[in-house]
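*Asks:* generate coordinates for the sequence data below:
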Amino acid sequence: MSHTYTFPTTDALSSGLNDFVAKRSIEAIADHGAFTVAVSGGSLPKLLSKDLRENPEVDFSKWEIFWADERCVPLDDADSNYRELKIHLLDAVHGQPKTHAIGNFGKDAEKAAVDYEQRLKDYFKGLPAFDLILLGMGPDGHCCSLFPGHPLLNETTRWVAPITDSPKPPPERITLTYPVVNHAKAVAFVTAGEGKQDMLQKILEQPQLQLPCQRVQPQGPVYWFVDEAAAGKLQKQTVSKY
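*Replies:* The predicted structure is shown next:
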């Protein structure tokens, strides 16, 4: 099941996302004592964090933060997804979340992937069922570091896979695979800007294309949080107000 919510501005989008994530966090903590979330990079950390970092209803000390994908760079590198979330969220919140960042293995994506998968196994004791996975949408329809036409789209056994030929730099990355992404309790995509119009329309209204974002089909619902600029080419029946 998919729900697409549009917002007039990116500020309004951040406000709606704040409300959504806070509710998921409160429900998860009440149910099993923690909120397990995996986060991607790009513009997502900034859009996510604008209002959420100041939300007094969120108990960040009960958050377990993983990354949906990561670049094989030092954690303080400008390309690091961890660094982006640290700057926009982790450094600003009270009650420090527990973070599970990629290990420091240089450009050795294979070693980093093996290590990260083991940490998922140690924490979840079985195939991870994240309370929420937060993803962006690339201009080519990719999500995580799962790119159109790449062999990793068909990975069925590994939970975390290395990629050394990413079409976007840097080439060395690790990524969650579909077995994990599609076992999540919920997935939310976040995207904004007029430049995303064409691809968003393809993903939401042309399912036969089987782009990476379209292959995200978790056990729970898929949510799309988009601004009106990105939603400009969508049919009216596709979208809802949050």
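
*Asks:* could you use CA atoms for every contact and neighbour count after this?
*Replies:* OK.

*Asks:* and the longest helix belonging to the chain, how far out from the chain middle?
*Replies:* For the chain, the helix with the greatest residue count under DSSP state H is helix 10-32. Mean C-alpha position of helix 10-32 versus that of the full chain (CA atoms, centre = their mean, to the nearest Å) differs by 14 Å.

*Asks:* what ranges do the strands span in this structure?
*Replies:* Here the chain has its strands, by DSSP state E, at 2-7, 35-39, 63-67, 69-71, 98-99, 132-135, 160-163, 173-176, 187-191, 222-227, 240-241.

*Asks:* how about the ones you listed in CSV, adding mean neighbour count, distance to Ile26 and mean pLDDT?
*Replies:* What follows is the strands of the chain, written out as CSV (neighbours: other CA atoms under 10 Å; distance: least, CA to CA, whole Å; pLDDT from 0 to 100):
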stretch, mean neighbour count, distance to Ile26, mean pLDDT
strand 2-7, 19, 21, 94
strand 35-39, 23, 8, 98
strand 63-67, 21, 10, 98
strand 69-71, 28, 25, 97
strand 98-99, 15, 16, 97
strand 132-135, 25, 12, 98
strand 160-163, 24, 28, 98
strand 173-176, 26, 25, 98
strand 187-191, 23, 17, 98
strand 222-227, 23, 18, 97
strand 240-241, 12, 22, 78
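
*Asks:* okay if I get those as JSON lines plus distance to Lys202?
*Replies:* Below are the strands of the chain laid out as JSON lines (distance: least, CA to CA, whole Å):
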{"stretch": "strand 2-7", "distance to Lys202": "14"}
{"stretch": "strand 35-39", "distance to Lys202": "23"}
{"stretch": "strand 63-67", "distance to Lys202": "26"}
{"stretch": "strand 69-71", "distance to Lys202": "23"}
{"stretch": "strand 98-99", "distance to Lys202": "34"}
{"stretch": "strand 132-135", "distance to Lys202": "17"}
{"stretch": "strand 160-163", "distance to Lys202": "26"}
{"stretch": "strand 173-176", "distance to Lys202": "23"}
{"stretch": "strand 187-191", "distance to Lys202": "14"}
{"stretch": "strand 222-227", "distance to Lys202": "14"}
{"stretch": "strand 240-241", "distance to Lys202": "18"}
